[in-house]
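Novice: Got a sequence here, can you model it:
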Amino acid sequence: MVCETLNAHSGLVYLLLGTGHCEGFIRPVANASAAPFNLEPRKESMLPQLNYGTTAKVLHWTIVALLLIQYPVGWLMPDIHRGMQPGVGMTLHVSIGLVLLILIVLRLAWRLTHPVAPESSLPGWQKVTSEVLHWMLYLMVLLTTVTGWLFASFRGWSISFFYLFPFPMLFSNNPAAGKAIDGLHQATEWFLLILVGAHVAAALVHLMYYRDRVMARMLSR
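Specialist: Numbers count the residues shown, from 1 in each chain. This is a model prediction of the structure:
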């Protein structure tokens, strides 16, 4: 019978030869300590990654697609005056806004728990501006959707979520508050659009001028 026992401290493997029980001699095995056991728990999700994962990419491009729909819907839908109830355009606009709110909260949570390190080839100032722009984009999507929800609530509208179920409202009818929130909502819309334009322009510069891998990190492989 052959029994092998690993001594983790000395790096020796004892080969004990015998018949009924383990008795015999001891000899070291070369390179036994070359690959020691790693008993520490892995915490990869909290360490900065080099590329965006599948979840981050899906959330990112879904938000982009919805914003491409949301802005034209918001611009083209008819105005709703006092005493009027929202039609199809406003119902779609508010419903898409709620979806965007849920997605941006998930995106923020995922970014915090799965950080991505800035591209190593970028100079320091580009790393800083990239991080600032990303977090400002998250914040403005969050503010735009929340103020839109508040505006619909203060107007006292009765809206269904994609005509499936009643849309939950945060407050009751309040025309004065609705007017103030409407101005804030429009301001956040335009500021978000400016940030998106800057983000797209920076991505195109890296893709066409610098020809680095910044854009490739968010594209599917």
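
Novice: What helices and strands are in contact with the helix or strand harbouring Val105?
Specialist: Element membership for Val105 (DSSP states H and E) is helix 88-113. Judged by 3 or more C-beta pairs under 8 Å, 6 or more residues apart in numbering; DSSP states H and E, the packing partners of helix 88-113 are helix 54-76, helix 124-154, strand 160-161. For the C-beta atoms, the positions are set from N, CA and C on the backbone; glycine is no exception.

Novice: Include mean pLDDT and mean neighbour count when you put these into CSV, please.
Specialist: Shown next, in CSV, are those (pLDDT from 0 to 100; neighbours: other C-beta atoms under 10 Å):
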stretch, mean pLDDT, mean neighbour count
helix 54-76, 96, 15
helix 124-154, 95, 18
strand 160-161, 94, 14
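
Novice: and of these, who's closest to Ala216?
Specialist: In terms of C-beta to C-beta, the element of the helices and strands packed on helix 88-113 nearest to Ala216 is helix 54-76, at 11.4 Å.

Novice: Which strands and helices lie in contact with that closest one?
Specialist: Applying 3+ C-beta pairs under 8 Å, 6+ apart, we find helix 54-76 packed against helix 88-113, helix 175-205.

Novice: so which of those is the most packed in?
Specialist: Comparing the helices and strands packed on helix 54-76 by mean neighbour count (mean count of other C-beta atoms under 10 Å), helix 88-113 ranks first with a mean of 17.

Novice: Taking helix 54-76 as reference, get the angle to that one.
Specialist: 150 degrees (axes from the mean of the first three to the mean of the last three C-alpha atoms, to 10 degrees).

Novice: model confidence over helix 88-113, on average?
Specialist: Averaging the model's pLDDT scores along helix 88-113 yields 96.

Novice: I'd like to check the angle between it and helix 175-205, please.
Specialist: 60 degrees.

Novice: from the chain's centre, how far out does helix 88-113 sit?
Specialist: What separates the centre of helix 88-113 from the centre of its chain is 12 Å, taken as C-alpha atoms, centre = their mean, to the nearest Å.

Novice: now swap in stretch 177-194 and tell me
Specialist: 24 Å.

Novice: Please apply the same query to stretch 147-163.
Specialist: So, by C-alpha atoms, centre = their mean, the centroid of stretch 147-163 is 26 Å from its chain's centroid.

Novice: contacts for it?
Specialist: Stretch 147-163 has contacts (C-beta atoms under 8 Å, 6 or more residues apart in numbering) with 80, 85-86, 90-95, 97-98, 101, 166-167, 169-175, 177-178, 181-182, 184-185, 188.

Novice: And stretch 208-218, by the same measure?
Specialist: 50-52, 56-57, 60, 116, 119, 121-122, 203, 206-207.

Novice: okay, how far is it across that stretch, tip to tip?
Specialist: Start to finish, the residues bounding stretch 208-218 are 16 Å apart (C-alpha to C-alpha, to the nearest Å).

Novice: likewise stretch 151-164?
Specialist: Terminal residues of stretch 151-164 are spaced 21 Å apart (C-alpha to C-alpha).
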